[in-house]
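**Q** have a look; sequence and predicted model below, questions after that.
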2 protein chains.
Amino acid sequence: MIKIESAQNDRVKKWRKLHERKYREKQQLFLIEGFHLIEEALKYKGIVEEIIKTEGVEIPNHWKTADIISTTTQVMKSLSETETSQEVVAVCHMSTTLIDFTKKRFLLVDGVQDPGNLGTMIRTADAAGFDAVIIGKGTVDLYNSKVIRSTQGSIFHLPIVKEDLSQAIEHLKNHQIKVIGTALENSESYNKLEKPSRFAIIVGNEGKGMNKQLLTQTDVNVSLPIYGQAESLNVAVAAGILMYYYR
Amino acid sequence: MIKIESAQNDRVKKWRKLHERKYREKQQLFLIEGFHLIEEALKYKGIVEEIIKTEGVEIPNHWKTADIISTTTQVMKSLSETETSQEVVAVCHMSTTLIDFTKKRFLLVDGVQDPGNLGTMIRTADAAGFDAVIIGKGTVDLYNSKVIRSTQGSIFHLPIVKEDLSQAIEHLKNHQIKVIGTALENSESYNKLEKPSRFAIIVGNEGKGMNKQLLTQTDVNVSLPIYGQAESLNVAVAAGILMYYYR
């Protein structure tokens, strides 16, 4: 087991850079934190590059097939992005998945800004047995630490790809998948639509909703009725209601 | 319009104390922040005690029936709990509502810890046309600033009371309201249950779920099936799916 004690060590500097999106994308690497997430990542081959732990922190024996680096509390603090750190961090490879358009259930995410919302939607898509999540350009970075934490490990459970949503919609339609947009106006109530056997649900930005151009490309646009005085639903809640309803 | 320029002013000190739960409860007052929330609060009589704004910040004319206090950027910073402050804060009275058990739809919250989850559930209960939210003892404080922000104003739209949940369940049952608990084990799938016309849904703590004693008091316990590899759903998403399904 390697020991690194200086926060100025080149590897430590390289890891710390992974807090920024541009370095993550350049190096095709990202950080995850905590026992549960690392456990989930290790279930899949080729994801975990190395595990970093504070000296003295006990790790499970089956983790020891990975490269383990032991370090100081100070170095760990500089790597951790959580308030109550478990003092274990792993460097992971971004995976490049292709979407299988012969599958049945897809979630498309257009311009969602809040990391917790994106992570929670990925977790729900996993729970609801969805086959893939497609993330459009204006959305918060998938490898943001808060997004990863909110997925609770689901980031490793189903294919998640970044793609131009306009093109993705055309692909989905060519594969006879019903594309369901969401909009407060010019839409029908979600429960008026017959449940399709193969479908894609698109959710939009927290404030502005879905891109107008994309709304013209869908097969149908639906809304969740508001029975009280709230102006709208939280996007992750709305996505959850729709995913469980149509599946 | 009164001007206060010192952060050491007694009123400023009193307002700042409202960042702590014990002072909020003692004084039966709480702070809200931002134009949208204050606008919502002003729709109801007797809620807003006073509005504090940074000097130079423009406020709508119809707000001027309330007590307005103008202050410095520094004082505002000491009051604000948001990253990007709109520099308007209001002191509000906690309202004491009674629950009308002749109504139809209730949400009970048992031990939810995350402020965003509680706030989002209140927002969803409002949207889904629920009649009241009942909050048990172990739950995060309703008047926590993050809870209030996450409600997006719904905190003012429906009765929300803190009450012993065990007693609340008995009251609900005495009023022929079907009490639906949530549990991963020893429960039936939510969509196997015939939709009741009058019902209460209880959701539990993020990690531990609902209190075991309460689970024995309910009429029925349901779960949301997990079709993928996720271990569970986020509690606010689960609550949303159930609220829209049974309503």
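**A** Cool, the structure landed.

**Q** need the residues of chain A near chain B, please.
**A** A:116, A:120, A:123-130, A:150, A:152-154, A:157-158, A:224, A:226-234, A:236-238, A:240-241, A:244-245, A:247 (Cβ under 8 Å from any Cβ of the partner chain). Backbone N, C-alpha and C define where each C-beta goes, glycine included.

**Q** got a quick ChimeraX command for the buried subset of those?
**A** Burial among these is assessed by 16 or more other Cβ atoms under 10 Å in any protein chain shown; the matching ChimeraX selection reads:
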select /A:116,120,123,124,125,126,127,128,129,130,150,152,153,154,157,158,224,228,230,232,233,234,236,237,238,240,241,244,245,247
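
**Q** helices - which of the residues of chain A next to chain B land there?
**A** A:116, A:120, A:123-127, A:150, A:236-238, A:240-241, A:244-245 (DSSP state H).

**Q** where do the strands sit along chain A?
**A** Ranges of strands in chain A, per DSSP state E, are A:2-4, A:29-33, A:48-54, A:67-71, A:88-93, A:105-109, A:132-135, A:160-162, A:178-182, A:188-189, A:199-203, A:220-223.

**Q** rebuild those strands as JSON lines, extending it with mean pLDDT.
**A** Converted to JSON lines, the strands of chain A look like this (pLDDT from 0 to 100):
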{"stretch": "strand A:2-4", "mean pLDDT": "92"}
{"stretch": "strand A:29-33", "mean pLDDT": "97"}
{"stretch": "strand A:48-54", "mean pLDDT": "96"}
{"stretch": "strand A:67-71", "mean pLDDT": "96"}
{"stretch": "strand A:88-93", "mean pLDDT": "97"}
{"stretch": "strand A:105-109", "mean pLDDT": "98"}
{"stretch": "strand A:132-135", "mean pLDDT": "98"}
{"stretch": "strand A:160-162", "mean pLDDT": "96"}
{"stretch": "strand A:178-182", "mean pLDDT": "98"}
{"stretch": "strand A:188-189", "mean pLDDT": "97"}
{"stretch": "strand A:199-203", "mean pLDDT": "98"}
{"stretch": "strand A:220-223", "mean pLDDT": "98"}
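
**Q** out of those strands, nearest to B:Leu79?
**A** For B:Leu79, the closest of the strands of chain A is strand A:29-33, at 33.1 Å, according to Cβ to Cβ.

**Q** quick one, domains of chain A?
**A** Split into domains by automatic domain parsing, chain A comes to A:2-93, A:105-246.

**Q** now those in JSON lines, with distance to B:Val140?
**A** JSON lines is the format used below for these (distance: least, Cβ to Cβ, whole Å):
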{"stretch": "domain A:2-93", "distance to B:Val140": "16"}
{"stretch": "domain A:105-246", "distance to B:Val140": "16"}
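
**Q** deepest of those domains, which one?
**A** Comparing the domains of chain A by mean neighbour count (mean count of other Cβ atoms under 10 Å in any protein chain shown), domain A:105-246 ranks first with a mean of 20.

**Q** what residues are up against A:Lys104?
**A** For A:Lys104, the contact set (Cβ atoms under 8 Å, 6 or more residues apart in numbering or on different chains) comprises A:Asp131, A:Ile177, A:Ser197, A:Arg198, A:Phe199.

**Q** find the pair from these with maximum spatial separation.
**A** A:Asp131 and A:Ser197 (12.8 Å).

**Q** my guess is A:Val133 meets A:Pro159, correct?
**A** Yes. In this structure, A:Val133 is within contact of A:Pro159 by Cβ atoms under 8 Å, at 7.5 Å.

**Q** so how far is A:Glu163 from A:Glu170?
**A** Note on A:Glu170: its distance to A:Glu163, by Cβ to Cβ, to the nearest Å, is 11 Å.

**Q** ditto for A:Lys26
**A** According to Cβ to Cβ, A:Lys26 and A:Glu163 sit 20 Å apart.

**Q** A:Tyr246 now?
**A** 21 Å.

**Q** A:Ala132 against A:Leu98, yeah?
**A** No. A:Ala132 is not in contact with A:Leu98 according to Cβ under 8 Å; the separation is 9.5 Å.

**Q** spit out the residues that contact the two alike.
**A** Contacts common to A:Ala132 and A:Leu98, judged by Cβ under 8 Å, 6+ apart, are A:Pro159, A:Val161.

**Q** just name the shakiest helix or strand of chain A by mean pLDDT.
**A** The helix or strand of chain A with the poorest confidence is strand A:2-4; it has a mean of 92 (mean pLDDT, DSSP states H and E).

**Q** list of residues touching that strand?
**A** Taking Cβ under 8 Å, 6+ apart as the rule, strand A:2-4 contacts A:Arg11, A:Val12, A:Glu55, A:Asp67, A:Ile68, A:Ile69, A:Ser70, A:Thr71, A:Val75.

**Q** against B:His175, how distant is the residue nearest to A:Ile226 when sequence neighbours are not counted?
**A** Among residues not flanking A:Ile226 along the chain, B:Ala127 sits closest, at 5.0 Å (Cβ to Cβ, 6 or more residues apart in numbering or on different chains). Counting by Cβ to Cβ, the separation of B:Ala127 from B:His175 is 24 Å.

**Q** okay then, goodbye and thanks.
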